[in-house]
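> Sequence and predicted structure are below.
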Amino acid sequence: MGPTPRSYKKFLNKKMKLNALISTIAYKINEKKLFVLKDFTNTKNSIKQKIQKILLMF
């Protein structure tokens, strides 16, 4: 009888995960490390495409 594989993953419920995400986003906004774009009309086309690629990752 040898050692058996074991999963050491830790799971969070949905409310805790959502709460952590909201608090992290709020912290980043308060630290001025995250900003929200309301309008894409004044940006260049290449910048728009880069932002859209990043958003599609998530």
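In hand now; what should we look at?

> Can you pull the poorly scored residue ranges out of the protein?
Within the chain, the stretches with pLDDT under 70 are 37, 39-45, 57-58.

> helix or strand right after the longest helix seen in it?
Among the segments of the chain that qualify as a helix by DSSP state H, the longest is helix 14-30. Using DSSP states H and E, the helix or strand that follows helix 14-30 towards the C-terminus is helix 45-57.

> rewinding a little: list every C-alpha atom in the longest helix of the chain, with coordinates, as PDB.
The C-alpha trace of helix 14-30 is given here as PDB (Å, rounded to 0.1, in the frame of the first residue of the first chain):
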ATOM      1  CA  LYS A  14     -20.000  32.000  -4.500                       C
ATOM      2  CA  LYS A  15     -20.800  34.700  -2.100                       C
ATOM      3  CA  MET A  16     -17.400  34.800  -0.600                       C
ATOM      4  CA  LYS A  17     -15.700  34.800  -4.000                       C
ATOM      5  CA  LEU A  18     -18.000  37.600  -5.200                       C
ATOM      6  CA  ASN A  19     -17.300  39.600  -2.100                       C
ATOM      7  CA  ALA A  20     -13.500  39.200  -2.500                       C
ATOM      8  CA  LEU A  21     -13.700  40.300  -6.100                       C
ATOM      9  CA  ILE A  22     -15.800  43.400  -5.300                       C
ATOM     10  CA  SER A  23     -13.500  44.400  -2.400                       C
ATOM     11  CA  THR A  24     -10.400  43.900  -4.600                       C
ATOM     12  CA  ILE A  25     -11.900  46.000  -7.400                       C
ATOM     13  CA  ALA A  26     -12.900  48.800  -4.900                       C
ATOM     14  CA  TYR A  27      -9.400  48.700  -3.400                       C
ATOM     15  CA  LYS A  28      -7.700  49.100  -6.800                       C
ATOM     16  CA  ILE A  29     -10.100  52.000  -7.800                       C
ATOM     17  CA  ASN A  30      -9.300  53.800  -4.500                       C
END
